[in-house]
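Asks: Coordinates for the following, if possible.
(4 chains)
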Number of protein chains: 4
Amino acid sequence: MERINVGVLGATGMVGQRYIKLLENHPWFKVTYVAASPRSAGKLYPEAVKNRWLIGADIPDDVKNLTVQDANEPKLALGKCRFVFSALEMGKDEIKALEAAYAAEGIPVVSNASANRWTEDVPMLIPEINYSHLDVIAEQKKHHGWDKGFVAVKPNCSLQTYMIPIFALIKAGYPVKRMTVTTLQAVSGAGYPGVSSFDMIDNIVPFIGGEEEKTEKECLKILGTVQNGKIENASEPVVSATCTRVPVIDGHTASVNLEFDLPEDKKPSIEQILKVWEEFTSLPQELKLPSAPEHPIVYREEENRPQPRRDRDTEKGMACVIGRLRKCSVFDVKFVALSHNTKRGAALGGILNAELLKAKGFFD
Amino acid sequence: MERINVGVLGATGMVGQRYIKLLENHPWFKVTYVAASPRSAGKLYPEAVKNRWLIGADIPDDVKNLTVQDANEPKLALGKCRFVFSALEMGKDEIKALEAAYAAEGIPVVSNASANRWTEDVPMLIPEINYSHLDVIAEQKKHHGWDKGFVAVKPNCSLQTYMIPIFALIKAGYPVKRMTVTTLQAVSGAGYPGVSSFDMIDNIVPFIGGEEEKTEKECLKILGTVQNGKIENASEPVVSATCTRVPVIDGHTASVNLEFDLPEDKKPSIEQILKVWEEFTSLPQELKLPSAPEHPIVYREEENRPQPRRDRDTEKGMACVIGRLRKCSVFDVKFVALSHNTKRGAALGGILNAELLKAKGFFD
Amino acid sequence: MERINVGVLGATGMVGQRYIKLLENHPWFKVTYVAASPRSAGKLYPEAVKNRWLIGADIPDDVKNLTVQDANEPKLALGKCRFVFSALEMGKDEIKALEAAYAAEGIPVVSNASANRWTEDVPMLIPEINYSHLDVIAEQKKHHGWDKGFVAVKPNCSLQTYMIPIFALIKAGYPVKRMTVTTLQAVSGAGYPGVSSFDMIDNIVPFIGGEEEKTEKECLKILGTVQNGKIENASEPVVSATCTRVPVIDGHTASVNLEFDLPEDKKPSIEQILKVWEEFTSLPQELKLPSAPEHPIVYREEENRPQPRRDRDTEKGMACVIGRLRKCSVFDVKFVALSHNTKRGAALGGILNAELLKAKGFFD
Amino acid sequence: MERINVGVLGATGMVGQRYIKLLENHPWFKVTYVAASPRSAGKLYPEAVKNRWLIGADIPDDVKNLTVQDANEPKLALGKCRFVFSALEMGKDEIKALEAAYAAEGIPVVSNASANRWTEDVPMLIPEINYSHLDVIAEQKKHHGWDKGFVAVKPNCSLQTYMIPIFALIKAGYPVKRMTVTTLQAVSGAGYPGVSSFDMIDNIVPFIGGEEEKTEKECLKILGTVQNGKIENASEPVVSATCTRVPVIDGHTASVNLEFDLPEDKKPSIEQILKVWEEFTSLPQELKLPSAPEHPIVYREEENRPQPRRDRDTEKGMACVIGRLRKCSVFDVKFVALSHNTKRGAALGGILNAELLKAKGFFD
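Replies: Okay, the predicted model is just below:
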């Protein structure tokens, strides 16, 4: 199969760089177009990121000879790539407008940005959970009068640690009523230079701007159902989140306490939950999407796991790694969850979205 | 006033060293006796801790010339000190027996160890909260037939971050029904060498052996009431704790979600809670104990505080520093709390206990 | 004695904040004037540094009510302070011009900036070494036609780890011919936000822009002699420096190998060197300047010292702490040296300079 | 080609685990035998390392079903493996005796331990440098009366950062007279638990026991020549080393200053040195050994490289990565070098030694 040409918007930023690195040897996609701010436009990619290449030692060969284009000019991408990954770093309104402009030109946008997460007819995808939300894209196109273009997004990285396990439980007949979550998030989530080292040596910071709101709200859209071409949000679980920053490079950890929306005698046992997680598999696994983990949920038996450095790369960085499932004296159960925030939680999650879209014919 | 001679058991370990450092210029107490394992006995203190002095640059002058004694021989302490701080590091049963042996010799033991925390007639003190538990000491002495000796202990360090603020609320008429707590604990809590650096670089560990059980249980004894010479445990709040280790030297942080045991219309507002905390003061403040913080609870208005490195030394390391108090979508409110685990949470907390005991005549 | 009113230029930056913190209870100086960029001008100081107060928990009370002034307007400082500490963060040429403008208004400038370090008639002071360079100030005033104003500076922080010990040897009759130096420097030296946490977790960076040049050159001016009102630079030691950044908050460490400029049989033994260092004392000690360390050089016998966290606060952060002095197979001797980069190496070093100037009548 | 069965001695320790992990998919070797202390003997490997598996998330499948044998019983290995990797952690004399005992049983030992580094007829191999030292093995066998068994070792990890680049220069006709070296070494070099996190947060430790002696001495044996079946040590370069520990997981960095043993006009220019390094290749590359880097020396042009986290995995963790080559004011040139201490510097270096031995027929 010939690889599809793809573009990366915001290609010089940290998330953009990750897309480029993760697509290095991708079986389906090939980076042929890179765009960034006007300041970088016109420079060869290596020159544009000079001394700021953050992801491993070297820039992939494919991209070394690409000239950076002005991301503000969607027309420049025409004929250069079939769709774009958006890792734009600008104001929300600008991103929203610009992503729409690409779509209007017939260039689908698979976005990492938060700008369009709450746009009603834009699916916010975790492919294992809500692939059915792809159905709203037809409505989106129709509404805007777009032919081939559309926008699809992914949710915030902090959710990825626990949304798939929660969904697996719901799907198995164990609805979740409410949850308290405390996250311990890696610094790579803040981009580069991001968090000052002065704040991350002998210290943690118990606050990440905007993160708790996203963590609390986005799950309801993800778990929503498509009705009349629109996504109706779910009404539970109610989530209360506290998000903290810790001195870890990659890998967000979450401490989760949850209560099932079930009568006492219908609540699952620890063993039943473990079984649900062990057996969970979904459409990306069925379709054998290249970036899909074979096991979306990996449970670790050791008492002191998951740990970011040891477990983040489980299943190519695409698994939710869970440990310490035990009874909760306040709710029903509690556990610790981990996922790789820049793989599953950002660029590789975006690539999985694109793979799903490709498999479902959205780039034909 | 002449200073009282005191001893330190387990004087060469990390907590023992902290006692020695924090007592360096204490107005009431003077370290005149140091005891440790038979291996160290007979050596001058500096020689016994050679290359293992962990607390600041230098060993206090007072202690430089003391010869380490065998901690297993309580009789050796007779005439050398009026009471001892216990920072023993041994098996629980051994510590329990040894602390009793000191008490039997007429030497009171102010202990940092967990061995006697659940002994019925041993008070587990946080002086701002349960100074009334001192009343069980008379019963303890009577029960054992001890004359001057007795044992008093302090609770686990992880509790110190939130117990005083919780107590302040309860005392103000806002009982707390249940709480979920996730702690981010400093490495100094594990002693030395304690946690491997291999686990604390680009990593966190979501488990601390035995810590969650202590965190969940000890608050009920602390909040208990003395009845017939014994401590009757409180029945709430129910606590569900997840304890994690993070790369911080000193300062435990806790993310707390809590629900009041009150009808909706009686629950306190954010402003009411802040007022309770601001005004809270207790017996140690009234008695002007040397190590008592002027403000036991310090609230920080900044959105990104408290932080361990910036806030742990507030009020000489004896304050509970709180921030981020806000509504909780699952319970009533949530906040972040911090305290210095080796000052308030360990040695200086023990010293405050001793100051309370002294002020109340227990060393007369 | 009444305290002298002083101003801080660049008061909202990291070094400016340190001046304010370190002057909190200074016996001679009182901060009565704070100036920063026009953006901060007109705001109360706490508002101007909102969420960016970096130095300990709280802003000193003295300064809480000061309104920030525009640092670009020297006339505003007239009558408000007797002299200013300059912690300006701008381009070199701007700083040079602005410091001169303050001096021209009759306001002496004690500067932390590098802009005037190579101005011929500006002394670059380490009070224990080259207090005699104060003699060029008269020439400086005359040359510019300034009456009371002048500029005095301090050298780069990286030098402070070893310049006093090297000078002590030279003064004792053991001239140093050449040295190789590798520094391991703390992140606070880069200001705030300074070094990204992404570069300082599981990593070191073997480069600090401009630092090696300063480290190699500045010692020659410091060791120079005053001739005809000007400083003649010394011609040795020749220094070859490699400067690296490591994940440490405060405290620069240096690994030093050195060769004496002496025939073999005149070279000092290890014991002789230790004696020189132990006995070294200078004018700041004689004058009992408030910030002067009692022992400018502290040698640690332990095989694994000095270490930044344990030793940086030796003598209030003003000592050079040395360890591991031993024979060098390539040169004569090698050792490890440490100093507190933001105390001795920056703000407190600047304060010591001001104390020397005060004691010598330069503010009369 | 069928894979050769190999054993790992000290299989449960950190280096042993690394051998097992790195041999997971090795094209030539297959782990069929694991041995450790009597305490572990008899347990299945996963049980023996319970909660102490340090290298990535999971134990390789091949090894999951192996039962740990007693490493003190060489006879147990007979018929189970063709040779063993020694990652023994015991006293030097015990290791020396035990490695000899395996050799005596006809089982070659490729060792990571330091015990036999100075045994006269044991080669201390860096395959790119001194493959000719294999010639002493015949003598070794003869001397001991061994048939198939022998011992070969690798040098200390700290050397690996600069020995190949130094050798490349010597081989190109630029002998090196003397060097000062300061290393910044990763914590993984100390094993597990190794360095306490209390020493590696906001701190560095300027001392590693025994490391400087090894760093200074071992290069002379490595650069030696075989004469009459024995290795005659080289007489230069003279090395003066200072070894420090920094908070980095993997990757030793070295700051190197060096002087050539050449008249001024014969000394190489910066360009000539870069050319030598770029072109350097040796026997392992020629033989295409599986673990040999294609480029043993990789030079980075960026001003702030090499950095441990970014560069340690260059060429599968087997390259010496160099940067910042520049003139030295004291000697001739200086540079910064990096290598992966647990890959090139330990287990993968040992595997490369075994590959060389295999290619040269030593296991036939």
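
Asks: And the residue located most distally from the centre of chain A, how far from A:Gly173?
Replies: Using CA atoms, centre = their mean, the residue of chain A lying farthest from its centre is A:Asp265. It sits 35.7 Å away. To A:Gly173, A:Asp265 is 14 Å away according to CB to CB, to the nearest Å. Every C-beta, even on glycine, is put in place using the N, C-alpha and C of the backbone.

Asks: where's the closest residue to chain D within the stretch 101-250 of chain A, which helix or strand?
Replies: Residue of the stretch 101-250 of chain A nearest chain D, by CB to the nearest CB: A:Asp202 (4.1 Å). Under DSSP states H and E, no helix or strand contains A:Asp202.

Asks: That one against B:Val248, yeah?
Replies: Yes - taking CB atoms under 8 Å as the definition, A:Asp202 is a contact partner of B:Val248 at 5.7 Å.

Asks: May I see the buried residues of stretch A:266-276?
Replies: Residues of stretch A:266-276 classed as buried: A:268, A:273-274, A:276 (neighbour count, 16 or more other CB atoms under 10 Å in any protein chain shown).

Asks: cool, and stretch A:317-333?
Replies: Neighbour counts over stretch A:317-333 (16+ other CB under 10 Å) mark A:317-325, A:328-333 as buried.

Asks: now do the same end-to-end measure for that stretch.
Replies: 26 Å (CA to CA, to the nearest Å).

Asks: likewise stretch A:52-68?
Replies: Using CA to CA, one end of stretch A:52-68 lies 15 Å from the other.

Asks: Please identify the buried residues of that stretch?
Replies: The neighbour-count check on stretch A:52-68 (16+ other CB under 10 Å) flags A:53-60, A:63, A:66, A:68 as buried.

Asks: where along the stretch 151-300 of chain A do the helices fall?
Replies: Secondary structure of the stretch 151-300 of chain A by DSSP state H, counting those that start in this stretch: the helices cover A:163-171, A:211-222, A:270-279, A:283-286.

Asks: Flag every residue of the stretch 201-350 of chain A that's near chain B.
Replies: A:201-207, A:209, A:216, A:238-240, A:242, A:244, A:246-249, A:253, A:255, A:257, A:303-310, A:323-324, A:328-331, A:334, A:336 (CB under 8 Å from any CB of the partner chain).

Asks: Could I have the buried ones of the residues you listed as PyMOL selection syntax?
Replies: Per 16+ other CB under 10 Å, the buried members of these correspond to this PyMOL selection:
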select buried, chain A and resi 201+202+203+204+205+206+207+216+238+239+240+242+244+246+247+248+249+253+255+257+304+305+306+307+308+309+310+323+324+328+329+330+331+334+336
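
Asks: Common neighbours of A:Asp202 and B:Val248, please.
Replies: Residues touching both A:Asp202 and B:Val248 (CB atoms under 8 Å, 6 or more residues apart in numbering or on different chains): B:308-309, D:201.

Asks: ok, and which of these reach chain A?
Replies: The subset of the shared contacts of A:Asp202 and B:Val248 within reach of chain A, by CB under 8 Å from any CB, is B:308-309, D:201.

Asks: quick one: which of these is nearest chain A?
Replies: Nearest member of these to chain A, counting by CB to the nearest CB, is B:Arg309, at 4.2 Å.

Asks: who touches that closest one in this structure?
Replies: B:Arg309 sits next to A:201-203, B:248, B:251, C:249 when contact means CB under 8 Å, 6+ apart.

Asks: switch the cut-off to 10 Å
Replies: By CB atoms under 10 Å, 6 or more residues apart in numbering or on different chains, the residues touching B:Arg309 are A:198-204, B:248-251, C:56, C:249, D:202.

Asks: C:Val153 versus A:Ser240, what's the distance?
Replies: Distance of A:Ser240 to C:Val153, computed by CB to CB: 54 Å.

Asks: List, one by one, the residues from the stretch 51-200 of chain A near chain D.
Replies: A:51-58 (CB under 10 Å from any CB of the partner chain).
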